[in-house]
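this one's sequence-less:
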Ligand SMILES: Nc1ncnc2c1ncn2[C@@H]1O[C@H](COP(=O)(O)OP(=O)(O)OP(=O)(O)O)[C@@H](O)[C@H]1O
């Protein structure tokens, strides 16, 4: 007797109903007897049922809402699933991941990892592991490298998702706890210590973007990795807003470093450092680690308010984790000491303050008497002469262009604010070059000579807009325009092209091509980046002049507007020469341009550059290789942050275009960063910003679910007469299609 299969059948009223298949017609319509329901019999095409051996009811009971695909039903579906702690949902092959803000039991266990291995998308409940596995299988079958683009706003869960993806790949296809996979995973605590910080939106916010590649050999075993990083937020090194912190590593040193190291580097408590004491000075601790701290290590605020709590963060333990990870990555004791020494040097440098020098007739400044100690500690840690450091901070060498002998090098005394800027520029350069060095060092320890393919995971900040937006938001939104264009091409354009090739009657979905917005920003010669670079090369660059140039060159362009035309009152107060508004794909953003010129320039002035290049500390020297550009002694050199980012992004886009791609859209459920709170309005706007609205439109009219010939054949073959069952799956599907069409014609 034929085995009766149990299936879940979609029903508009009852959701999904469990039943057994009684009979199947030639057109694939099955008659199903419900197990327990008021229906006596149901009919449903086999393509729309789900086999009970692969799914339990909880996988489907909220799917009925998606009979009508639109942003509202999607939102409702995500909400229903989120309420049941099902944080992952698919829209076709795109994974939507809602940050649960609590640990869901067994969601990422080794058992769960195993259960996803080799399973097609949809066989198991939606998960990041399923996307990792699909990428791996696609890499093998298509013999093509793959990338996974993880996007979302700050705190949406991009970095955590990235870590799970990497763990999945390394755990399943590494050589069981082999050194390479461990090293790839060890990169995370190190990069988080140096590149993550507490912000008001995320306690562990990555302040840089990254593309992490896991490389595989021709037997599809992990053989190495490579990390590219983008746009470390430098302003944070010198200042943070009241409730935010500097990079974690500063607090790890204060709270977690052994006493001997702290003494050696003169590290005390956050209150004692200018670069830390303007922001939040509390440590992240647990009850246990709080007891390990001496009061002398704690700030006043920490003493009065206690430690900050976050299950993922602990400044005491995290120092050990970072140090162990660096050690496993192959950094010797002395290499690690070099790194910590530079971190300490930045802190002491920040404590060097300046005041007007009454003896200087040209309005110059001098180092305040009470910061002499910091100056000498900073000089010692940097391996430079304190006198030379002082000189390089309070004056700058210039080449005379008028009067006297043309080209003579002269010393120009700096005013207090100029010396402050010089000090901050030096601190930022030391720290960001240190960050570059650490990433390079990690890459050196995970080399991949024998790589055949790779799977790359992109974790980069999503579209951003605040009340005040500066150069950082400009760069990140430019990056998101490029990624959105890529998404449109991969998901919307390619899909519609396929329908056309297959002669399927699907209405055309209009999505706005954002090339014009990309041109406005990156176009050679007239794009905003070019105008900014040109302005920076002028003898006296001015933000106002730059801003007016932008407005003039792009007057009347759809994407550019004056801030006073903004719908938001906060922006209407911005004068024409103080900013511009760009109509991005995700909405209009008003940028204030006051700091664009300064933030776009990575170069140190010549006195500071030669100071570090001639340091007695070989490590510091290695962080500043002499550049050809800075040879004109006395000239403030210019190194464009925007151009560098544009080039890096171009390379990244080329990489993405040459790989197969999967998308993960991370969603932040609420602004309070708590579990079980679903703020529908903000979630809907996140879905819109990530382009999901257009995808829904396409899916509603298109064919988002595809089945392999073999799978379709498998659904039917048990019920087929032997002649049909003996057909090869592809032929069988063709025959079935013809029969089905003919039946429709007869009817
Ligand atoms: N899958 C998850 N399970 C449990 N908690 C999570 C998960 N994903 C994220 N979180 C929590 O949310 C916090 C923020 O996540 P994450 O740092 O990954 O966000 P992000 O999108 O990378 O933000 P940013 O752009 O600021 O770096 C984490 O520190 C963690 O507490």
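Arrived safely, thanks for sending. Predicted, not measured: the structure shown is a model, and the values here were computed from it.

tell me the SS of residue 666?
At residue 666, secondary structure determined by DSSP: H, G, I helix; E, B strand; the rest coil is strand.

OK, contacts around it?
97-99, 150-152, 156-158, 161 (C-beta atoms under 8 Å, 6 or more residues apart in numbering). The way it works is simple: take the backbone N, C-alpha and C, and place the C-beta from them, glycine included.

can you check residue 263 too?
Counting by C-beta under 8 Å, 6+ apart, there are no residues that residue 263 touches.

what's the answer for residue 642, then?
Listed by C-beta under 8 Å, 6+ apart, the contact set of residue 642 reads 475, 529, 532-533, 600.

out of the residues you listed, grab the one that's most surrounded.
Among the contacts of residue 642, the one with the most neighbours (other C-beta atoms under 10 Å) is residue 532, at 27 neighbours.

residue 700 belongs to a helix, doesn't it?
Yes. The assignment for residue 700 is a helix, going by three-state DSSP.

quick one: mean pLDDT for stretch 565-577?
Stretch 565-577 carries an average pLDDT of 89.

find the nearest non-adjacent residue to the closest residue to the ligand within the stretch 551-700 of the chain, please.
Closest residue of the stretch 551-700 of the chain to the ligand, C-beta to the nearest ligand atom: residue 666 (5.5 Å). With sequence-adjacent residues excluded and distances taken as C-beta to C-beta, 6 or more residues apart in numbering, residue 666 is closest to residue 152, at 3.1 Å.

pretty sure residue 280 contacts residue 245?
Yes. Contact criterion C-beta atoms under 8 Å: residue 280 and residue 245 qualify, at 5.0 Å.

filter the contacts of residue 666 down to the buried ones, ChimeraX style.
In ChimeraX, this line selects whichever of those come out buried by 16 or more other C-beta atoms under 10 Å:
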select :97,98,99,150,151,152,156,157,158,161
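
just confirm yes or no for the helix or strand encompassing residue 477 near the ligand.
Using DSSP states H and E, residue 477 maps to helix 471-487. No. Helix 471-487 stays clear of the ligand (C-beta under 6 Å from any ligand atom), getting no nearer than 9.8 Å.

so which elements touch that helix?
When contacts are defined as 3 or more C-beta pairs under 8 Å, 6 or more residues apart in numbering; DSSP states H and E, helix 471-487 packs onto strand 146-151, helix 515-522, strand 579-584, strand 587-592, helix 596-599, helix 641-657.

so where's the protein shaky on pLDDT?
1-3, 12-15, 57-68, 175-178, 399-407, 627-637, 705, 737-747 (pLDDT under 70).

find the centremost residue of it, please.
residue 460 (2.0 Å; C-alpha atoms, centre = their mean).

tell me the contacts of it?
Residue 460 touches 151, 158, 209-211, 230, 476, 479, 483, counting by C-beta under 8 Å, 6+ apart.

do that again at 6 Å, thanks
residue 209 (C-beta atoms under 6 Å, 6 or more residues apart in numbering).

kindly report the same for the one 4 residues further on.
With contact set as C-beta under 6 Å, 6+ apart, residue 464 has these partners: 473, 476.

helix or strand for it, just tell me which one.
Per DSSP H and E, residue 464 falls between elements, in no helix or strand.

same check, this time on the one 3 residues further on
With elements delineated by DSSP H and E, residue 467 resides in a region that no helix or strand encompasses.

residues of the longest helix anywhere in the chain that come out buried?
Criterion DSSP state H: the longest helix present in the chain is helix 416-445. Within helix 416-445, the residues that qualify as buried are 416, 418-420, 422-435, 437-439, 441-443, 445, counting by 16+ other C-beta under 10 Å.
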